[in-house]
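# A predicted structure for the sequence below; I have some questions about it.
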Amino acid sequence: MIPVLQVGDRQLMATEVLLLLEKYQMLPQLIKEVVLDQAIAPISCTPEEEKIACENLAQQYQITSEDVRQRWLEQNNISAEQLDAIAIRQFKIEKFKHLTWGDDLESYFSQRKSQLDRVVYSLIRTNDIGIAQEIYFRLEAGEQTFAELAREYSQGPEAQTNGLIGPIELQTIHPALAKILATSQPQQLLAPIQLENWIVIVRLEKLLLTQLDNSLRQRLLNERFNSWLQAQITAQNCQIQQIENTPVKI
């Protein structure tokens, strides 16, 4: 067999390189880049797009002048041609995202919107049902404020913020609590409920509806892209596993 890589005095065969990539957990990254290269292979860039790509990368790396560019190249041990290739590749990946999922973003947003809406809510948690009921009755009667009772009784970090939590996306909250908040009215005080090991008293303060702006468009586009990419990597890993099951002499 002919060596494919030499590091110092050591010559590595293809099978050794593959096993070392797996050993050092670099194989998924290699697979990812190969998958991306295959995906963007049909995509072309105009000279104007290539110029924009290089300008975008220069801004990203804060390369503000030719002198800075030259120092950056020397520090990172790459050529100007390699840097331009990196810039164009990044541009093609973004172009691939838009061509593949850009027209479907409104539909995807409709599916995700209920999870992306944000809430501000007040919370008191305790593991004593008697205390929870007493707190609820005090709140209902207006004897004390939510903030006062949260500071005194809540057993979570919200005690330090007067019981106030958010703004926070519904998808990041416990599913049962998120469902309750999504169907509540602002300032509606809810009776104590069991939530895993806690008894909680909740009041929705504000519901902030999500709008599909440019920032969210990019985020959703990245979500679709990353889900696709992970599926591709997983499929490739399965194929590699089958190859690695074949006996290899090192």
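Here it is on my side, so go on. Residues are numbered from 1 along each chain as shown.

# got a list of what Leu57 touches?
By Cβ atoms under 8 Å, 6 or more residues apart in numbering, the residues touching Leu57 are 63, 83, 86-87, 90. Backbone N, C-alpha and C define where each C-beta goes, glycine included.

# try it again with 10 Å
63, 83-84, 86-91 (Cβ atoms under 10 Å, 6 or more residues apart in numbering).

# Need the max-distance pair from the residues you listed.
Ile63 and Arg89 (16.9 Å; Cβ to Cβ).

# Now do the SS call for Pro73.
That one is not Pro; residue 73 is Leu. Following DSSP: H, G, I helix; E, B strand; the rest coil, the label given to Leu73 is helix.

# Just the buried residues of the longest helix along the chain, please?
Longest helix in the chain by number of residues, with DSSP state H as the criterion: helix 214-244. Under the neighbour-count criterion of 16 or more other Cβ atoms under 10 Å, helix 214-244 has 216-217, 220-221, 224-225, 228-229, 232-233, 236 buried.

# Tell me how the chain divides into domains.
Domain ranges of the chain: 46-93, 117-208, per automatic domain parsing.

# returning to that earlier point: by pLDDT, give me the weakest of the buried residues of helix 214-244.
Minimum pLDDT for the buried residues of helix 214-244 is recorded at Gln236 (77).

# what residues are up against that one?
27-28, 30-32, 34-35.

# just the buried members of the contacts of Leu57?
The neighbour count (16+ other Cβ under 10 Å) marks 63, 83, 87-89, 91 as buried among the contacts of Leu57.

# The lengthiest strand in the chain packs against which elements?
Assignment by DSSP state E gives strand 198-208 as the longest strand of the chain. Applying 3 or more Cβ pairs under 10 Å, 6 or more residues apart in numbering; DSSP states H and E, one finds that strand 198-208 makes contact with strand 118-126, helix 129-141, helix 146-153, strand 164-169, helix 175-182, strand 193-195.

# Many thanks, we can stop here.
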